[in-house]
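Enquirer: coords please:
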Amino acid sequence: MSPYPNALSRRAIAMLKAVGDGRAELRCSCEPDLRVDGLPCCDQSTAHDLARAGLIRAVGKPTPGQWAPAELTDAGHRALGGGFPAAA
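Expert: Modelled structure (predicted):
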């Protein structure tokens with residue numbers, strides 16, 4: 001367990017990197033689902049957490065249920081740049 005309460009797991013960091021590399025899409029909904037390289041992400045709970053934390057978002061204004069490219073927010077860029085510690 002990490003001593004940092006807001007630490008990101010290695011999986012969350014990998015998901016952020018995929019979004020940053022332009023390899024991910026979000027389905028617009030109250031709990032957005034994530035696809036990476038066209039495949040459903042294995043950890044939708046973490047995807048929901050990243051969206052809720054304001055680290056990722058859909059590009060544009062997709063209608064509910066529609067898939068859209070995902071992008072990092074400014075906070076997401078900071079998280080990848082070392083703004084959040086990695087969990088053990």
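
Enquirer: how about low-confidence regions in this protein?
Expert: Under the criterion pLDDT under 70, the flagged ranges of the chain are 1-6, 82-88.

Enquirer: who are the packing partners of whichever strand in it runs longest?
Expert: Across the chain, the longest stretch assigned as strand under DSSP state E is strand 67-72. Contacts defined by 3 or more C-beta pairs under 8 Å, 6 or more residues apart in numbering; DSSP states H and E place strand 67-72 against helix 10-20, strand 24-27, strand 56-58. C-betas here are computed from N, CA, C, even on glycine.

Enquirer: among the ones you listed, which comes closest to residue 73?
Expert: Closest to residue 73 of the helices and strands packed on strand 67-72, according to C-beta to C-beta: strand 56-58, at 5.7 Å.

Enquirer: which other residues reach that closest one?
Expert: Strand 56-58 has contacts (C-beta atoms under 8 Å, 6 or more residues apart in numbering) with 15-16, 19, 24, 26, 28, 32, 34, 47, 50-51, 68-73, 76.

Enquirer: what about residue 65, neighbour count?
Expert: For residue 65, the neighbour count with other C-beta atoms under 10 Å is 8.

Enquirer: sorry, back to before: and the longest strand of the chain, which residues are buried?
Expert: Residues of strand 67-72 classed as buried: 67-68, 70-72 (neighbour count, 16 or more other C-beta atoms under 10 Å).

Enquirer: out of those residues, what pair is the most spread apart?
Expert: 67 and 72 (17.4 Å).

Enquirer: returning to what we had before: distance to residue 43 for the buried residues of strand 67-72 - can I get that in a markdown table?
Expert: Below are these laid out as a markdown table (distance: C-beta to C-beta, whole Å):
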| residue | distance to residue 43 |
| --- | --- |
| 67 | 18 |
| 68 | 20 |
| 70 | 15 |
| 71 | 19 |
| 72 | 18 |
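
Enquirer: need the helices and strands packed on strand 67-72 in TSV (columns: mean neighbour count and distance to residue 80).
Expert: Formatted as TSV, those follow (neighbours: other C-beta atoms under 10 Å; distance: least, C-beta to C-beta, whole Å):
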stretch	mean neighbour count	distance to residue 80
helix 10-20	18	5
strand 24-27	22	13
strand 56-58	21	11
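
Enquirer: sounds good, over and out.
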